[in-house]
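Visitor: mind looking at a prediction? Sequence and model below.
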Amino acid sequence: MGLVVQKYGGSSVADAEGIKRVAKRIVEAKKNGHQVVVVVSAMGDTTDELIDLAEQVSPIPSGREFDMLLTAGERISMALLAMAIKNLGHEAQSFTGSQAGVITDSVHNKARIIDVTPGRIRQSIDAGNIAIVAGFQGVSQDKKDITTLGRGGSDTTAVALAAALEAEVCEIYTDVDGVFTADPRVVKKARKIDWISFEDMLELASSGSKVLLHRCVEYARRYNIPIHVRSSFSGLRGTWVSNEPQGDQPMEQAIISGVAHDTSEAKITVVGVPDKPGEAAAIFRTISDSELNIDMVVQNVSAASTGLTDISFTLPKTDGHKAMEALTKAQPTIGFDSLRYDDQIAKISLVGAGMRTNPGVTATFFEALSNAGVNIELISTSEIRISVVTRADDVKEAVRAVHSAFGLDSDSVEAVVYGGTGR
């Protein structure tokens with residue numbers, strides 16, 4: 001038996017009973033002959049509570065101290081879990097991200113992993129211990145400050161450790177039984193996917209599917225680490241995410257893998273842009289210099305009478321104010337007329353590698369939205385994805401309509417969200 005990295009989300013370790021249940025599962029893996037490394041998130045809503053507390057104390061907390069505060073949640077989880085494992089008669093040692101050798105850049109609150117040097121973890125498991133690592137955190141390479149990896153960063157910690165330790169698999173334990181063809185809270189008859197390729201999972205993750213973080217899947221693909229998404233509340237087999245199917249899974253991939261939706265974005269329209277070379281570049285250079293990421297972009301055909309056009313793009317709502325501020329400041333230089341901001345939008349995405357060889361997919365997608373009375377504002381496509389922006393109020397109806405149109409509905413209700421969050 002080889003080495004296994006297991007990651008448990010906040011809903012899995014939300015209370016003392018949850019921690020004891022997780023400890024039993026970890027010990028079972030150890031008894032089966034595996035070396036086990038565990039990555040844990042903060043208990044339940046601990047991170048949100050710490051953020052609220054920081055905002056009460058300081059409206060704009062220092063990035064360094066904010067990271068120092070937020071990492072406390074994972075340290076509580078790892079220590080309690082180590083205690084629970086020892087109570088079951090097995091040795092366990094807990095490690096912070098820095099002790100585990102997770103080395104990052106110096107960007108506080110959303111650091112990126114540069115390297116993992118898991119010498120202490122290797123020593124611990126070689127000595128027969130179960131190693132418990134605090135997820136979501138690391139140490140900066142230059143200043144040696146504590147850093148955090150951003151929301152969902154524990155998934156990335158787990159995959160990075162799995163790669164560094166050459167683990168057989170990285171098991172991501174959550175409060176759903178795997179990856180589903182749509183959000184089970186929106187589509188009750190969403191089907192669990194037995195196997196999905198890294199390519200399709202990357203598209204789903206970047207399109208709003210919350211089960212796995214995009215950076216986590218990207219890291220796993222780069223180092224070819226199979227991920228097994230499972231529920232910590234049941235013993236059911238979950239979803240394998242890998243280059244090739246695992247075990248007895250079918251080789252042929254479905255035409256459509258799933259439907260994802262995202263209501264966390266806003267749309268900015270730059271009105272009255274002179275239709276000449278360099279104008280779009282100036283707009284997006286302004287956004288880039290503000291260190292903001294954009295998603296979808298559409299430019300209208302310019303009006304012949306005025307020679308002006310409109311450019312619309314989407315970005316996270318949390319970055320909306322900063323983007324509007326930067327563009328307003330640059331308006332005299334760029335020369336556009338005005339700005340419009342809209343945060344009542346939703347993105348719906350259809351994902352599947354089979355789209356490449358099935359020309360009818362696009363027509364079916366838009367017919368389903370039309371039949372549901374859903375108006376489309378923006379469209380973006382790739383080889384394996386079609387995304388549209390609609391009104392936020394229409395998103396649930398749109399997802400259900402598209403899901404049914406492609407025959408993704410299960411004959412029965414398969415999806416259970418045990419902990420209430422889907423993570």
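Guide: On my side now, so go ahead. Numbering: from 1, shown residues only.
Visitor: give me the below-cutoff pLDDT ranges for the stretch 101-250 of the chain.
Guide: 246-250 (pLDDT under 70).
Visitor: could you pull out the helices for it?
Guide: 119-126, 153-164, 198-206, 214-223 (DSSP state H, counting those that start in this stretch).
Visitor: quick one: closest of the ones you listed to residue 3.
Guide: In terms of CB to CB, the element of the helices of the stretch 101-250 of the chain nearest to residue 3 is helix 119-126, at 7.1 Å. (C-beta placed from N, C-alpha, C; glycine too.)
Visitor: between helix 153-164 and that closest one, find me the angle.
Guide: Per axes from the mean of the first three to the mean of the last three CA atoms, to 10 degrees, the angle that helix 119-126 makes with helix 153-164 is 70 degrees.
Visitor: other SSEs contacting helix 119-126?
Guide: Under the contact definition 3 or more CB pairs under 8 Å, 6 or more residues apart in numbering; DSSP states H and E, helix 119-126 sits against strand 35-40, strand 92-95, strand 130-134.
Visitor: swap in 6 Å and give it another go.
Guide: strand 130-134 (3 or more CB pairs under 6 Å, 6 or more residues apart in numbering; DSSP states H and E).
Visitor: partner strands of the strand it packs on, with direction?
Guide: Strand 130-134 pairs in its sheet with strand 35-40 (parallel), strand 92-95 (parallel), by DSSP bridges.
Visitor: what segments of the stretch 251-400 of the chain are strands?
Guide: 258-262, 265-274, 297-299, 308-316, 338-342, 345-351, 378-382, 385-391 (DSSP state E, counting those that start in this stretch).
Visitor: deepest-packed of the helices of the stretch 101-250 of the chain, please.
Guide: helix 153-164 (a mean of 28; mean count of other CB atoms under 10 Å).
Visitor: now for it, which elements pack on it?
Guide: By 3+ CB pairs under 6 Å, 6+ apart, helix 153-164 packs against strand 3-8, strand 35-40, strand 113-116, strand 169-174, helix 214-223.
Visitor: just to revisit the earlier point, out of the strands of the stretch 251-400 of the chain, which gets nearest to residue 175?
Guide: Using CB to CB, those put strand 258-262 closest to residue 175, at 18.2 Å.
Visitor: other SSEs contacting that closest one?
Guide: strand 345-351, helix 395-405.
Visitor: so what strands line up beside the shortest one?
Guide: So the one you mean is strand 345-351. Strand 345-351 is paired, per DSSP bridges, with strand 258-262 (antiparallel), strand 385-391 (antiparallel).
Visitor: packed most tightly, which of these would that be?
Guide: When the strands paired with strand 345-351 are compared using mean count of other CB under 10 Å, strand 258-262 is most buried, at a mean of 26.
Visitor: list the contacts of that one.
Guide: 181-182, 204, 207-209, 346-351, 395, 399, 402-403 (CB atoms under 6 Å, 6 or more residues apart in numbering).
Visitor: tell me the mean pLDDT for stretch 307-315?
Guide: Average pLDDT, stretch 307-315: 93.
Visitor: which one of the contacts of strand 258-262 sits closest to residue 40?
Guide: Distances from residue 40 to these, taken by CB to CB, are shortest for residue 209, at 22.3 Å.
Visitor: so residue 134 touches residue 74, yeah?
Guide: Yes. Judged on CB atoms under 6 Å, residue 134 makes contact with residue 74 at a distance of 3.6 Å.
Visitor: give me phi/psi at the nearest residue to residue 400 once chain neighbours are set aside?
Guide: Excluding its sequence neighbours, the residue lying closest to residue 400 (CB to CB, 6 or more residues apart in numbering) is residue 187, at 5.7 Å. Residue 187 adopts backbone torsions of phi -110, psi 100, taken as degrees, to the nearest 10.
Visitor: distance-wise, check residue 187 relative to residue 259.
Guide: According to CB to CB, to the nearest Å, residue 187 stands 8 Å off from residue 259.
Visitor: can you check residue 370 too?
Guide: 16 Å.
Visitor: can you give me the distance of the closest residue to residue 384 other than its chain neighbours to residue 199?
Guide: Counting by CB to CB, 6+ apart, the nearest residue to residue 384 once its immediate chain neighbours are dropped is residue 353, at 5.0 Å. Distance, residue 353 to residue 199, using CB to CB: 6 Å.
Visitor: which residues are in contact with residue 120?
Guide: residue 99.
Visitor: what of the one 5 residues further on?
Guide: The neighbourhood of residue 125, defined by CB under 6 Å, 6+ apart, consists of 35, 131.
Visitor: can we see that at 7 Å?
Guide: 35, 37, 131 (CB atoms under 7 Å, 6 or more residues apart in numbering).
Visitor: what sits against the first one?
Guide: Okay, so that is residue 35. Residue 35 touches 3, 125, counting by CB under 7 Å, 6+ apart.
Visitor: switch the cut-off to 8 Å
Guide: For residue 35, the contact set (CB atoms under 8 Å, 6 or more residues apart in numbering) comprises 1, 2, 3, 4, 125.
Visitor: would you mind measuring from the third one to residue 166?
Guide: As for residue 3, its distance to residue 166 is 7 Å (criterion: CB to CB).
Visitor: more neighbours: the two, which one.
Guide: residue 3 (17 against 10; other CB atoms under 10 Å).
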